[in-house]
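**Student:** next comes the sequence, and after it the predicted model I'd like to discuss.
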Amino acid sequence: MKGNIFIVDDSINNLTLLEIILKTRGYTVKKAKSGREALDAIRQEPPDLVMLDIMMPEMDGYDVCRTLKSEELLKDIPIIFISALDDPFDKVKAFEVGGVDYVSKPFHAKEVIARVEVQLKIRLLQKDLEKQRLEAIEANRAKSLFLSNMSHELRTPLNAILGFAQLMQRDPDLNEDNREKVSIILRSGEHLLTLIDDVLSLSKIEAGRMSLNEKDFDLHVLLHALQEMLGVKVKAKGLKLVFSLSNLPHFVYGDDVKLRQILLNLLGNAVKFTQTGTVTLRAGWDGKRATFEIEDTGYGISQEDLVKIFEPFVQTESGRISQEGTGLGLALSRKFADLMKGEITVKSQLGYGTTFKLEVPLVEIKSEQKQVRRKVVGLENGQQYKILIADDTIEHRYLLAKLLSSVGFEIREAEDGQEAINIWKAWSPDLIWMDVRMPKMDGLEVTRYIRQHENPEKKVVIVTLTSAAFDHERETIFAAGVNDLVTKPFKEERIFEKIEQYLGVRYLYQDDNTFSKVIDEQFSSIIVPKLANLPKPLLDELKDAAILGDLDTTNEVLGKIEVEDRFLADRLNEMVKGFRFDAILDMINSL
């Protein structure tokens, strides 16, 4: 427990007395008569504990304490105040500025030693806890890396095993004996693949890296797919599979992948452990929660097994007899249900079958709420937005730039991190599409630089484009300061959705029936001012080409207009494709 203690007091008598008391107990003591002298010495060699007087000239103990607590390397050093000030106000202030204890003068040796030893014990425990925390983080990181690498190493040969086993099954010259052996290889390989997937999923959940991926989906389609998936196995065993849907909505909002996995596990177990009779799924809806009951006429589960059935790697008696299953399906199902704020319960009687009940909250999406995706063709009311695309791959930049400039966004491109920073400084974009892997500075370094140097009142929106698939990669990306993440390959509606979400953009959409209606009713107010900004000779060329209705001449003129205003050229090109020369003339004549 002995350590280094630093004493700060402008009274030489107090310094000497405290030094004698502490050295007698085996502590190493250093001392200073002023706050500034103490700070210099502490910075050079941080002690285990500081004993600090309050009333000192030039710099009092409160200011010394504030300074120590503001410095990263010194902020965790415990500080015990020593003072003749005995007013509660002074003691409260000592704790407010960061002190951990307070000794009133004149002090007693035993009290001083007791308070010092308590704080040093606490400090030692904190260091041990921090060490254990860091070791746990490192162990968890090592485990994740191991599982990730092992998953890859196991899947590669397993892919060959399963692939060639399936090819051999199709061989018409394979005799029945060998065909059965191949079937065993195939079943064993599939069993191993399921085990790998389950272990990885369980590891992600326990590490807190599994999250919900909620979206709109058709619940009836999901259940129908499960019914078809299990149909072959049910038919082969001579069972009946019955799905009964009561008042179940079609479109809901939730995590369809995890819901499908839970139901597949429960239904798969029911089919697996039922030899004769029926497997029934009953689904209901109460307006907020969907309820699924999976009932079978199989072996049933003993009361002894029921209490531990959801524990990882635990199998029921019927599972041990059949030698099927990994013992992870139900554990994963319950953890998925918990993640979705749902619940799984079970009732069973040995020899009379089992009923699992899953209740999970879902949000119904009314049919009128289903949005029909329409093609974005422009921005409302001539809005102006500047977007920077930072990507070292020219094809990716071209694709995104072409998509966004075609609807009216002002675009700049950067092929590396340093160029992205230079454009950001000079141009102040509203949003940056940021690739992660780039030369000179990667996207995360660029993001961190921007976040450190930008105006807090005018922060640029940064959305990362990445192929990152693992949760820890995404965590690193978000930690750099990005607003959002879109994975490659992306869909154009996803790009427009993110821009709308963060910039409040309002779009113009192409009419489902005729593009001319959109042009006539929505584009005129935007295109006419842009036409007015064209040089008069160029505007006259466009008018002459429109009067002639000549496509080749018009396209030549549009090429010249693109140099002046790419958005206008793209809009006019859409009109020309629809042979709307009359609309072009009307807008020119309105000037």
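**Tutor:** Great, that's in hand. Computed from a prediction, not measured in an experiment: that's the story for all the values here.

**Student:** per-residue pLDDT, residue 64?
**Tutor:** pLDDT recorded at residue 64 is 94.

**Student:** next one: the one 3 residues further on
**Tutor:** We have a pLDDT of 94 for residue 67.

**Student:** try residue 143
**Tutor:** Per the predicted model, pLDDT is 68 at residue 143.

**Student:** do residue 370 as well
**Tutor:** Note for residue 370: predicted pLDDT of 51.

**Student:** just the helices in the stretch 101-250 of the chain please.
**Tutor:** Secondary structure of the stretch 101-250 of the chain (DSSP state H, counting those that start in this stretch): helices located at 109-169, 176-206, 219-237.

**Student:** pretty sure residue 349 sits against residue 298.
**Tutor:** No: at 11.2 Å, residue 349 and residue 298 do not qualify as touching, with contact defined as C-beta atoms under 8 Å. The C-beta positions use only the backbone N, C-alpha and C, and glycine is treated the same way.

**Student:** higher neighbour count, those two?
**Tutor:** residue 298 (23 against 12; other C-beta atoms under 10 Å).

**Student:** and the more buried one, what are its phi and psi?
**Tutor:** phi -90, psi -150 (degrees, to the nearest 10).

**Student:** just the element for the residue nearest to it when sequence neighbours are not counted, please.
**Tutor:** The shortest distance from residue 298 to any non-neighbouring residue, by C-beta to C-beta, 6 or more residues apart in numbering, is to residue 274 (3.6 Å). For residue 274, there is no host helix or strand (DSSP states H and E).

**Student:** kindly provide the distance from residue 274 to residue 498.
**Tutor:** Going from residue 274 to residue 498 by C-beta to C-beta, to the nearest Å gives 47 Å.

**Student:** comparing these two, which residue is more hemmed in?
**Tutor:** Per other C-beta under 10 Å, whichever of residue 274 and residue 498 has more neighbours is residue 274, with 22 against 19.

**Student:** so how far is residue 292 from residue 264?
**Tutor:** Between residue 264 and residue 292 the computed distance is 12 Å (C-beta to C-beta).

**Student:** so which of the two has more stuff around it?
**Tutor:** Higher neighbour count among residue 264 and residue 292: residue 292, with 23 against 16, using other C-beta under 10 Å.

**Student:** quick one: contacts for that one?
**Tutor:** Residues near residue 292 by C-beta atoms under 8 Å, 6 or more residues apart in numbering: 263, 266, 281-283, 357-360.

**Student:** same question, residue 547
**Tutor:** Residues near residue 547 by C-beta under 8 Å, 6+ apart: 581, 585.

**Student:** and the helix or strand encompassing it, how far out from the chain middle?
**Tutor:** Element membership for residue 547 (DSSP H and E) is helix 536-548. Computed by C-alpha atoms, centre = their mean, to the nearest Å, the chain-centroid distance of helix 536-548 equals 52 Å.

**Student:** could you do stretch 229-248 as well?
**Tutor:** Per C-alpha atoms, centre = their mean, the centroid offset for stretch 229-248 relative to its chain is 36 Å.

**Student:** list the buried ones in that stretch?
**Tutor:** Buried positions in stretch 229-248, judged by neighbour count with 16 or more other C-beta atoms under 10 Å: 230, 234, 239, 241, 248.

**Student:** the stretch 401-550 of the chain: strands as residue ranges?
**Tutor:** For the stretch 401-550 of the chain, the strands defined by DSSP state E, counting those that start in this stretch cover 410-414, 431-435, 461-466, 484-487, 507-509.

**Student:** let me know the secondary structure of residue 400.
**Tutor:** helix (DSSP: H, G, I helix; E, B strand; the rest coil).

**Student:** circling back: which one of the helices of the stretch 101-250 of the chain lies closest to residue 453?
**Tutor:** Evaluated over these, closeness to residue 453 peaks at helix 109-169, with 30.0 Å, by C-beta to C-beta.

**Student:** low-confidence ranges, the stretch 151-300 of the chain, go.
**Tutor:** Confidence mapping of the stretch 151-300 of the chain against pLDDT under 70 gives the ranges 151-153, 155-156, 159-160, 163, 166-167, 169-170, 187, 190-191, 194-195, 197-210.

**Student:** rerun that using 80 as the cut-off
**Tutor:** Within the stretch 151-300 of the chain, the ranges that satisfy pLDDT under 80 run 151-172, 183-184, 186-213, 225, 228-229, 231-232, 257.

**Student:** just confirm residue 539 contacts residue 533, I think it does.
**Tutor:** No: Residue 539 is beyond contact range of residue 533, at 9.4 Å (criterion: C-beta under 8 Å).

**Student:** which one of those two has more residues nearby?
**Tutor:** When neighbours are counted by other C-beta under 10 Å, residue 539 and residue 533 differ, and residue 539 comes out ahead with 17 against 10.

**Student:** next one, pLDDT for the more buried one please.
**Tutor:** 90.

**Student:** so who does it touch?
**Tutor:** 531, 588, 591.

**Student:** if we go to 10 Å?
**Tutor:** 531-533, 557, 561, 588, 591 (C-beta atoms under 10 Å, 6 or more residues apart in numbering).

**Student:** export the residues you listed to TSV and append columns for distance to residue 139 and pLDDT.
**Tutor:** Shown next, in TSV, are the contacts of residue 539 (distance: C-beta to C-beta, whole Å; pLDDT from 0 to 100):
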residue	distance to residue 139	pLDDT
531	67	88
532	68	88
533	64	88
557	68	90
561	63	91
588	72	87
591	72	82
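
**Student:** present the residues you listed as CSV; the columns should include distance to residue 508.
**Tutor:** Below are the contacts of residue 539 laid out as CSV (distance: C-beta to C-beta, whole Å):
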residue, distance to residue 508
531, 17
532, 19
533, 19
557, 23
561, 19
588, 20
591, 21
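
**Student:** nearest to residue 576, of those?
**Tutor:** For those, the nearest to residue 576 is residue 557 (9.7 Å; C-beta to C-beta).

**Student:** next up, the contacts around the closest one.
**Tutor:** Residue 557 touches 538-546, 550, 569, 572, 576, counting by C-beta under 10 Å, 6+ apart.

**Student:** try residue 561
**Tutor:** Neighbour list for residue 561: 530-531, 534-535, 538-539, 541-542, 568-573 [criterion: C-beta under 10 Å, 6+ apart].
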